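Peer 1: Turn this into a model:
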Amino acid sequence: MGHLMLKVGHLDQAEELYQELLNNASTDSDRAHTYHKLGWLKDDQGKYQEAVKFYEKSLEIKRKTLPDDDASLAPTYSAIGIVYNNMGEYTRALKFYKKANKINLQSLPPIHPHIASDYNNIGLVYDNMGKYSKVLEFYEKSLKIKEISLPTNHPSLTTSYNNIGSVYKHMGEYSEAPSYLEKALGIFRNSLPSTHPNIQVVMNGIAAVKKKL
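Peer 2: Alright, predicted model coming up:
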């Protein structure tokens, strides 16, 4: 029920439920899980310092009994990375995203979606820092996994194509951008109504790049 309240944005009700679960938790595992959910909730509320504190409490409990590279730690490291990225603390965000990625690379198949997500998150932080060569490195790693593991019309591929095209545009490498943006446009045209705003957004991006060329 608490998870449902989080999903639909009823954050006050979710917090009441999770605080009650926390008060009645009988095991460390239950407490760690509830702290993690409270961290998620506080992040959604924009209360980032509180979010980090709850995630760290979850980590503290888990690390008492688990090795440092246990797979169950990766989602919490990644969640802390999200909070720090939201706060604009990009160096800290990278630190936690890379911890999550290191664990996932050790514990998951090399084309697992979580690894693609890790690379995308790291790329996003570098994008926020304006380090475009690093952005491309990680966005392309993410895209490579998605192209192997997802259907050719999957929306996640569209995000990657559009992101990479936009990075090339920001770098002034206008000749590289159209092919990625046109791939994104092709997926949108095959999966969305012709009047969908996403189609126009990508078309505008392509037109802007071609104008530069």
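Peer 1: So for stretch 123-133, what gets flagged as buried?
Peer 2: Within stretch 123-133, the residues that count as buried by 16 or more other Cβ atoms under 10 Å are 123-127, 132. Using the backbone N, CA and C atoms, a C-beta is placed for each residue, glycine as well.
Peer 1: Let's see which of these end up in helices.
Peer 2: 123-127, 132 (DSSP state H).
Peer 1: Mind putting those residues into JSON lines with pLDDT?
Peer 2: Output for those, formatted as JSON lines (pLDDT from 0 to 100):
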{"residue": "123", "pLDDT": "97"}
{"residue": "124", "pLDDT": "96"}
{"residue": "125", "pLDDT": "97"}
{"residue": "126", "pLDDT": "97"}
{"residue": "127", "pLDDT": "95"}
{"residue": "132", "pLDDT": "95"}
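Peer 1: Adding distance to residue 178, write the residues you listed out as a markdown table.
Peer 2: Formatted as a markdown table, these follow (distance: Cβ to Cβ, whole Å):
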| residue | distance to residue 178 |
| --- | --- |
| 123 | 20 |
| 124 | 22 |
| 125 | 26 |
| 126 | 23 |
| 127 | 20 |
| 132 | 17 |
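Peer 1: quick one: which of the residues you listed is nearest residue 149?
Peer 2: Proximity of these to residue 149 (Cβ to Cβ) peaks at residue 123, which lies at 17.5 Å.
Peer 1: Test my guess that the closest one contacts residue 135.
Peer 2: Yes: Residue 123 lies in contact with residue 135 (Cβ atoms under 8 Å); the separation is 5.0 Å.
Peer 1: helices and strands of the chain: which one has the lowest mean pLDDT?
Peer 2: Across the helices and strands of the chain, mean confidence by mean pLDDT, DSSP states H and E is lowest for helix 2-8: a mean of 73.
Peer 1: Run through who's touching the next helix or strand after that one.
Peer 2: The element immediately downstream of helix 2-8 (helix or strand, assigned by DSSP states H and E) is helix 11-23. With contact meaning Cβ atoms under 8 Å, 6 or more residues apart in numbering, helix 11-23 is reached by 1-2, 5-6, 30-31, 34-35, 37-38, 41, 44-45.
Peer 1: Quick check: the two most widely separated of those residues?
Peer 2: So, the contacts of helix 11-23 by Cβ to Cβ: farthest apart are 30 and 45, at 22.5 Å.
Peer 1: Now do the SS call for the residue most central in space within the chain.
Peer 2: Geometric centre of the chain, nearest residue: residue 121, 4.7 Å, by Cα atoms, centre = their mean. With DSSP: H, G, I helix; E, B strand; the rest coil as the basis, residue 121 sits in helix.
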